[in-house]
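Participant: sequence? don't have it. structure:
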């Protein structure tokens, strides 16, 4: 079996011990790596009902069979834990040298349990660990922490760090590596709860692939295709180019989802940013796309993506380009998920305007207030910022009144920059997502941006297509490759099978991988069921189901509770789940998930 | 034969490549409109694929309401055709 060490490293911070645990070929073939393997490990290593911010919770870093190969965009890793924001399974991806060095440390995954007695750094080198005090780093931002660790440990080590937000258990804190973030769901808070400021990895243990000649040929072919038209948007403009398009289509969430267009969108557009502010283009390790566009601001250079731009700009009613760039830079350094913090501040702005919240006259469009709030939230400095550090669901529950109706989250995770009333297949994707409102685990928006569906009137017929986008995401997140590469494949499952066959030696087929993808999605569901999921969670906030957008063609879009429920029912059916969204024993058996079900019943670990 | 006058709005990669926000052209069908894009904006010569269809890296929306892919679809005077990059993700 090429591509794998065949084991994970289990690290117990309570005892300062580490031991390898074997991973059978059966597990690896069924769950591959990344998000898939991370889901399997969380079932086994995280006790049912655990509070994710206690020592008992597990924090999983998962690599993949492709990490370390010359395949473009393969230097990626997944971080998986129970989310402190949603209390459901959370998986987030990041990339670059941490993945390469982490896998060379000798394991396919790192499972971290327990907690350090004092702030510490965990150093992993070729399978051995040491835990060093890090009191002098506690309180530093992600950039400074990374810099000091680089000076202390040298270039062989690569680090994943938390900023002040992770230390203070902000429920949407990120884990940062080289200014890229495992961003969603509060994984940085999980790490902070273990008093881990940083994890450093290094090693020399390379894993052979089954057919090196075929892997090199495939890598050349994939790299060549990655230079083509399917990735041109990411190279030429980056994801920020979404903003003006979404605005024109009434799909740009504005002022806490009260509007679908922003009157200052031209000023914030990717097109104008690129013309006026772009200073560089960068890429992750092992990537030939180079999607990262760097812009200048009065606070220094900033990497900016669409999701940060929308959340810190239109969602808060802010059209000042420099303010948005500075806010994004602050979030990177503090370790805040830009989507969740932008949505939470926007929610607070609306609460303040409605008189539900006393916040010094906080209003939409107040950029200075946003810049003031970000560090206060990261440090939980005062009662207001402490409330907002909890995310919109908990904040709405404390504020009472009708705040919950317009708190923009699903299962506790704040919505990304896709207006669900004018992108109604995406509305379904948000409602049923295992980690909450999510544009990375469901690509249902692709159907809304096509002639296939009527985006103003979602239909149950789109459910099967939405399922397909989830399955593709589950596979690409488990192999792992970058989603920006997805357009270069003509037959994604068949070509993925060829890649995996070259690396692992398995005689694997497209059909098997389609089943693998279904298995991984359902395994996440089983985890959530174990943690208390019911179908009442698969919905959207009341605003989206009762308030219509009031401008232009968007007035034709109506998303009612009944329409959404019809789509959800069709989705459950397409997934093979019961009418209440539960997973039948026959499907568990068909998808070879019985070991997870049994582990859950035993309460492993 | 006189074709209706329509407006083509450019967003994202098409706008960046062409250097213009919109084109006002005479076009009877979506295919005619794409031919005008190619004629007016050499940087967008790849907007039509070899088989005459809209190339996969682009999308077209009619008046922001419906995405269109049929190049034979007729256009009416005053229509606004949005030329977009195809990948919305990120």
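Facilitator: Ah, there it is. It should be emphasised that the depicted structure is a prediction, and the values quoted were computed from it without experimental measurement.

Participant: tell me which parts of chain A are close to chain B?
Facilitator: A:229-230, A:232-234, A:236-239, A:241-242, A:244-246, A:248-250, A:270-271, A:274, A:305-307, A:439, A:443, A:445-446, A:449-451, A:454, A:456, A:483-484, A:487, A:552-553, A:556 (CB under 8 Å from any CB of the partner chain). Any C-beta I mention is one placed from the backbone N, CA and C, and that applies to glycine too.

Participant: The residues you listed, buried ones only, as a PyMOL selection?
Facilitator: Of the residues of chain A next to chain B, the buried ones can be selected in PyMOL as follows, counting by 16 or more other CB atoms under 10 Å in any protein chain shown:
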select buried, chain A and resi 229+230+232+233+234+236+237+238+239+241+242+244+245+246+248+249+250+270+271+274+305+306+307+439+443+445+446+449+450+454+456+483+484+487+552+553
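
Participant: Which of the residues of chain A next to chain B fall in helices?
Facilitator: A:232-234, A:236, A:242, A:244-246, A:248, A:270-271, A:274, A:306-307, A:445-446 (DSSP state H).

Participant: which non-adjacent residue is nearest residue 6?
Facilitator: Defaulting to chain A. Nearest in space to residue A:6, with sequence neighbours left out and distances taken as CB to CB, 6 or more residues apart in numbering or on different chains, is residue A:23 at 5.6 Å.

Participant: Oops, wrong one, chain B.
Facilitator: residue B:79 (4.5 Å).

Participant: So which other helices or strands are in contact with the helix ranked longest in chain B?
Facilitator: Using DSSP H to define each element, chain B has its longest helix at helix B:30-40. Where contact means 3 or more CB pairs under 8 Å, 6 or more residues apart in numbering or on different chains; DSSP states H and E, helix B:30-40 is packed against strand B:5-10, strand B:22-26, strand B:80-85.

Participant: Tell me the helix or strand right after that helix.
Facilitator: Using DSSP states H and E, the next helix or strand after helix B:30-40 towards the C-terminus is strand B:58-62.

Participant: Say whether chain A is contacted by that next one.
Facilitator: Yes: Strand B:58-62 lies within reach of chain A by CB under 8 Å from any CB, at B:59, B:61.

Participant: so that strand versus strand B:80-85, what angle?
Facilitator: 160 degrees (axes from the mean of the first three to the mean of the last three CA atoms, to 10 degrees).

Participant: Direction included, what does the following helix or strand past strand B:58-62 pair against?
Facilitator: Helices and strands here follow DSSP H and E; after strand B:58-62, the next one along the chain is strand B:66-67. Next to strand B:66-67 in the sheet, as set by DSSP bridges, lie strand B:58-62 (antiparallel).

Participant: hmm, who's touching the partner strand?
Facilitator: Strand B:58-62 has contacts (CB atoms under 8 Å, 6 or more residues apart in numbering or on different chains) with A:249, A:449-450, B:14, B:30, B:47, B:54, B:67-69, B:73, B:79-86.

Participant: pLDDT at residue B:90, what is it?
Facilitator: If you check residue B:90, the pLDDT there is 60.

Participant: ok so, going back, is the residue nearest to residue A:6 in contact with residue A:10, as I believe?
Facilitator: No: here residue A:23 does not reach residue A:10: they are 11.1 Å apart, not a contact under CB atoms under 8 Å.

Participant: Give me the neighbour count for residue A:412.
Facilitator: Counted with other CB atoms under 10 Å in any protein chain shown, residues neighbouring residue A:412 total 27.

Participant: pLDDT score assigned to it?
Facilitator: 98.

Participant: Same question for the one 5 residues further on.
Facilitator: Here the pLDDT value assigned to residue A:417 is 98.

Participant: Quick check: it touching residue A:312?
Facilitator: No: distance between residue A:417 and residue A:312: 10.6 Å, which falls outside the contact criterion (CB under 8 Å).

Participant: list the contacts for residue 85?
Facilitator: Using chain A. Contacts of residue A:85 (CB under 8 Å, 6+ apart): A:171, A:172, A:185, A:186, A:340, A:391, A:393, A:412, A:413, A:436.

Participant: Hmm, no, I was thinking of chain B.
Facilitator: A:232, A:233, A:237, A:241, A:245, B:11, B:12, B:13, B:14, B:57, B:58, B:59.

Participant: which residues does it form a beta bridge with?
Facilitator: Taking DSSP bridges as the rule, residue B:85 bridges to residue B:58.

Participant: and if you look at residue A:301?
Facilitator: Listed beta-bridge partners, residue A:301: residue A:296 (assigned using DSSP bridges).

Participant: tally of neighbours for it?
Facilitator: 15.
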